[in-house]
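A.B. asks: Below is the sequence, then the predicted model.
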Amino acid sequence: MRASAVMPPLQALRAFEAVGRLLSFRRAGEELLITQSAVSHHIRQIEEMLGVRLFVRKAKSIELTPEGAAYLERTTEAFAIIASATAETRRQAGRQTVRVSVLPSFAANWLVSRLPHFMLQHPEIDVELEPTLRLTNFASDDVDLAIRFGAGPWGDVRAERLMNEELSPVVSPSLFGDGSGFAEPADLLSHTLLDSMNPLGWELWFGEVGVDFRRARVLQLTDYNIALQAALNGQGVAIGRLLLIGDHLATGRLVQPFATIVRSEKTAYWLVTPEQRPLSPAAETFASWLRNEAASAHTGRP
C-alpha cells in the first residue's frame, strides 16, 4: 500500500494521540502494546512530514508545542468520528462489545498485557477500555462494568472482590545506592514517600512494622502511574503494589528494600457491575475471564 502524501500513517497518528493524551512515551507504548522506541519513531515520522515539532522534550517530562496541541485537538476529533462509525457498523454487523471503566494504573500495568489472551479466546467480542479515576455511574456512563481499587464495597452497585493487593516499599536502584539509607523501616521517614489519592497503603505498611507514620513526608499524586514513574525516576519511595509492578522488580528497575509485605482487604481490586440491570452475554463472558485471570495471578501465593 502506498503511503499518503497528505496524511501520516494511522499507526503514527495513534501513537501521537496516545502520547499527547498521556504526555508520556512510555505509557503510550504500554497502552498501544508497542515499545517506547517505536512510539518515538512514529512521532518523528509525523514531525518530519508536518515540518513542525509536536512536543518539547525535557529531562523528565514532555509538553505539547502550540502546534502539537492544535494538531492533537483535531486528531482526537477525527478518532472520535472513526470510533463512532466503527461502533455503529459493528452493531449493525451483530458484533458484541464490552466497555470497561478501569483505573489507568491497573489498565497499563496489569490488564492490557492480558487482553490479547481474551481476544484470542473470544474473537467475536470487542473490548473498549475507558481509563479513568472517577467512579462509574452506570445510569449515565456508557460502560458495562468497572474495575476499582480500594476497601469497597460501594453503594448502588454490585462489587465483587477480585484479589487483594500486596504492599511493600519500592525504590529505584539510584536512590537505594548501597542500601545504607534503608537499614530499617524507620529510615523511610527521612525520604519522600510517594502515593496516590490517599496514604492508606503506607499507613497499613508502617502499622505492620510498628513505625509512627505521622512523621513521614508524603507526596500525594493523582494517579498511581504518576507515583510509580516518580519512583522509577528516583524522586522518592513508593508503596509498591506488587501485583502491578512485578516486571519492574524482575528487571531491577525497582528494588524492594524490606521483606515485609502487607496483604489487606482494604486494598483490593473489585469487579463492579450495575445493580439494576443484568450484564450482557458479552460482558458476563469478560467478567468470567477476569475472575479466572485474577485467580491465576495469585496462584502459588499464600
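C.D. replies: Arrived safely. Numbers count the residues shown, from 1 in each chain.
A.B. asks: What sits closest to Ser280 if chain neighbours are left out?
C.D. replies: With Cβ to Cβ, 6 or more residues apart in numbering as the measure, Asp144 is the residue that lies nearest to Ser280, at 6.3 Å, once sequence neighbours are left out. (Glycine included, C-beta is placed from N, CA and C.)
A.B. asks: so how far is Ala107 from that neighbour?
C.D. replies: Taking Cβ to Cβ, to the nearest Å as the measure, Asp144 falls 15 Å from Ala107.
A.B. asks: same deal with Ala283?
C.D. replies: In this view, Ala283 and Ala107 are 17 Å apart by Cβ to Cβ.
A.B. asks: Can you name the residues that contact the residue nearest to Ser280?
C.D. replies: If you count contacts by Cβ atoms under 8 Å, 6 or more residues apart in numbering, Asp144 has them with 98-100, 273, 279-280, 282-283, 286.
A.B. asks: Only whichever of these are buried, select them in ChimeraX.
C.D. replies: Only the buried entries of these go into this ChimeraX selection, using 16 or more other Cβ atoms under 10 Å:
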select :98,99,100,273,279,282,283,286
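A.B. asks: Tell me the one of the contacts of Asp144 nearest Glu30?
C.D. replies: For the contacts of Asp144, the residue nearest Glu30 by Cβ to Cβ is Val100; the value is 16.4 Å.
A.B. asks: hang on, the closest one in a strand?
C.D. replies: Yes - the secondary structure assignment for Val100 places it in a strand, going by DSSP: H, G, I helix; E, B strand; the rest coil.
A.B. asks: Excluding chain neighbours, what is closest to it?
C.D. replies: Leu129 (5.4 Å).
A.B. asks: now swap in Phe118 and tell me
C.D. replies: Per Cβ to Cβ, 6+ apart, closest to Phe118 is Trp289, 5.3 Å.
A.B. asks: Is it correct that that neighbour falls within a strand?
C.D. replies: No - residue assignment for Trp289, taken from three-state DSSP, gives helix, which places it outside any strand.
A.B. asks: so it makes contact with Gln121?
C.D. replies: Yes - using Cβ atoms under 8 Å as the test, Trp289 is close enough to Gln121 to be in contact (7.2 Å).
A.B. asks: out of the two, which sits in the busier spot?
C.D. replies: Trp289 (19 against 10; other Cβ atoms under 10 Å).
A.B. asks: With Thr273 as the reference, measure out to Ala283.
C.D. replies: When Cβ to Cβ is applied, the distance between Ala283 and Thr273 equals 8 Å.
A.B. asks: Which neighbours do those two have in common?
C.D. replies: Once Cβ under 8 Å, 6+ apart is applied, the residues that Ala283 and Thr273 both contact turn out to be 144-145.
A.B. asks: can you pull out the helices in the chain?
C.D. replies: Using DSSP state H, the helices assigned to the chain run over residues 10-22, 25-32, 36-50, 66-93, 104-106, 115-121, 173-176, 200-209, 224-232, 246-250, 281-297.
A.B. asks: And those helices, which one averages the lowest pLDDT?
C.D. replies: Ranked by mean pLDDT, the helices of the chain end with helix 66-93 at the bottom, a mean of 82.
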